[in-house]
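Chemist: Give me a model of this one.
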Amino acid sequence: MGPQLYARSRREEGKVMTTKTSAKPMLDRMTCLHCGKSLGKRQYKYCSVSCAGKNNKMFLKHSDGIGTYIRTPEIRLTGSIAAKARTDDRHHSIETKLLLSEMRRKDWENPVYRANQVEKQRIAMRKRLPKVLKGQRRKPTKPEIIMNSILDRHFPGEWKYTGDAKVIIEGRNPDFVNINGKKAIIEVFGVYWHPLFDVSKTEQFYSQYGYKTLIVWEDELKDENRIVRRIKELCRK
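Modeler: Below is the predicted model:
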């Protein structure tokens, strides 16, 4: 046989190599440990939650063929039975969970530890609140729209609507903030959403940070002159 007259290009050789090496071996088909049903390519032990529960030692089989779970503290600690059946090696034993629960209970009885945990939760909430409010895309309510029009007519360029999470003061979002060099806040309260004791709580909260607060109820918006007088008194304080 004579010499080869032409040689294949590198691209063609690469195609041949990829076609030979790209084939992956098929995964071994598995069957359910309880009913023997084929699982296909899924890497689970059971085909359904029902089979996982029936294979659990805490599952009872009555004479009528209906299965029920024993709702004991031990089974509640194990979490989801199906999840435990798939990940037996990654879960703690019941004894370990009981020990951890007892340790956490003792830690929570310590007032210093409890205060630190509560403060951590408050800090996390303060950081998360602006993102939550911005994600809601909150728009002004009807009473806030009326209040905003009153401020624009009588106090142009002095107040700004901040109820859309533009201003957050230690986890709270005021409705209107003075932008004319005075630390003053206006909150518009709805009769349905706010009880009477919210007035003193809100005023005390903002006073900690040097803000003077004016609470306006939605039914007071009908008397525009009275609201204007109250705002002027707030700014003179």
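
Chemist: Please enumerate the helices of this structure.
Modeler: For the chain, the helices defined by DSSP state H cover 10-21, 49-54, 73-77, 81-86, 94-109, 111-136, 142-154, 198-207, 224-236.

Chemist: Any chance of CSV for those, columns distance to residue 31?
Modeler: (C-beta placed from N, C-alpha, C; glycine too.) Shown next, in CSV, are the helices of the chain (distance: least, C-beta to C-beta, whole Å):
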stretch, distance to residue 31
helix 10-21, 31
helix 49-54, 11
helix 73-77, 26
helix 81-86, 15
helix 94-109, 29
helix 111-136, 45
helix 142-154, 63
helix 198-207, 62
helix 224-236, 75
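
Chemist: To residue 34, which of the ones you listed lies closest?
Modeler: Ranking those by proximity to residue 34 (C-beta to C-beta) places helix 49-54 first, at 3.9 Å.

Chemist: What mean pLDDT does the closest one get?
Modeler: The pLDDT scores in helix 49-54 average 67.

Chemist: swap in stretch 98-117?
Modeler: 87.

Chemist: Could you work out the end-to-end span of it for me?
Modeler: By C-alpha to C-alpha, to the nearest Å, the extent of stretch 98-117 from end to end equals 21 Å.

Chemist: same thing with stretch 30-37?
Modeler: 8 Å.

Chemist: on that earlier part again, okay, the helices of the chain in TSV with mean neighbour count and distance to residue 217 next?
Modeler: Formatted as TSV, the helices of the chain follow (neighbours: other C-beta atoms under 10 Å; distance: least, C-beta to C-beta, whole Å):
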stretch	mean neighbour count	distance to residue 217
helix 10-21	10	74
helix 49-54	18	53
helix 73-77	13	47
helix 81-86	17	51
helix 94-109	11	40
helix 111-136	11	23
helix 142-154	16	9
helix 198-207	14	9
helix 224-236	14	10
